[in-house]
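J.: Fold the following and give me the result.
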Amino acid sequence: MSAHFNKDMTVQEAFKTHAGARRVFAKFHLGGCSNCAISETETIEQVSEGYGIPLPMLMEELDKLFATGSLEVGDKVRLPDEIRAKIPQLASVPETGEVKSFEAGAYTVEFGDVRLQGLAEDFIKVDATAVPA
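T.: Numbering: from 1, shown residues only. The predicted model follows:
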């Protein structure tokens, strides 16, 4: 099925396997509110059956987390304009940051004195030669 996820894995284990798993469940309107709450002790298969989401579809979306573009420690990145615009506190952070670490699908990026965590899709890789030293 999947090298990273399997149907018998609990939701909690999926969250620990990749930080983006929460976004996958949210994409299917699971876990975001009291009407669509899921138990982290349920298995992926139980969630699939309980909420009528085809298991192959759910597994495919989880697998895509590992197929998306990735960043490397040391890469220079910037925040998408729409994220900067939504969070006023980000207006004063430097334009570019550097990827400092990667764990369970989440990147830690330093923008000057500000550290942010996110998925690869939350940052835009920039050409290191275009970044002033």
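J.: Give me the buried positions along the one helix or strand V77 maps to.
T.: Counting by DSSP states H and E, the secondary-structure element that holds V77 is strand 76-78. The neighbour-count criterion (16 or more other CB atoms under 10 Å) identifies K76, V77, R78 as the buried residues of strand 76-78. C-betas here are computed from N, CA, C, even on glycine.
J.: Against which helices or strands is that strand packed?
T.: Strand 76-78 sits against strand 96-103, strand 124-125, with contacts defined as 3 or more CB pairs under 8 Å, 6 or more residues apart in numbering; DSSP states H and E.
J.: mind exporting the longest one as PDB, just the C-alpha atoms?
T.: Provided in PDB are the C-alpha atoms of strand 96-103 (Å, rounded to 0.1, in the frame of the first residue of the first chain):
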ATOM      1  CA  THR A  96      14.500  35.500   2.900                       C
ATOM      2  CA  GLY A  97      15.200  32.900   5.500                       C
ATOM      3  CA  GLU A  98      17.200  29.700   5.700                       C
ATOM      4  CA  VAL A  99      16.000  26.200   6.300                       C
ATOM      5  CA  LYS A 100      17.600  25.000   9.600                       C
ATOM      6  CA  SER A 101      16.100  21.600  10.200                       C
ATOM      7  CA  PHE A 102      13.600  19.100   8.900                       C
ATOM      8  CA  GLU A 103      11.600  16.600  11.100                       C
END
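J.: oh, and call the first residue 827 from now on, that's how I've got it
T.: Noted, 827 is the first residue going forward, which turns the last one into strand 922-929.
J.: Nearest residue to the middle of the protein?
T.: What sits nearest the mean C-alpha location of the chain, by CA atoms, centre = their mean, is G846, with 3.1 Å.
J.: Thought L891 was touching that one, still the case?
T.: Yes: using CB atoms under 8 Å, G846 is in contact with L891, at 4.4 Å.
J.: any residues in contact with both of these two?
T.: Listed as contacting both G846 and L891 by CB atoms under 8 Å, 6 or more residues apart in numbering are G931.
J.: Then P920 would be within a helix, right?
T.: No: under DSSP: H, G, I helix; E, B strand; the rest coil, P920 sits outside any helix and is assigned coil.
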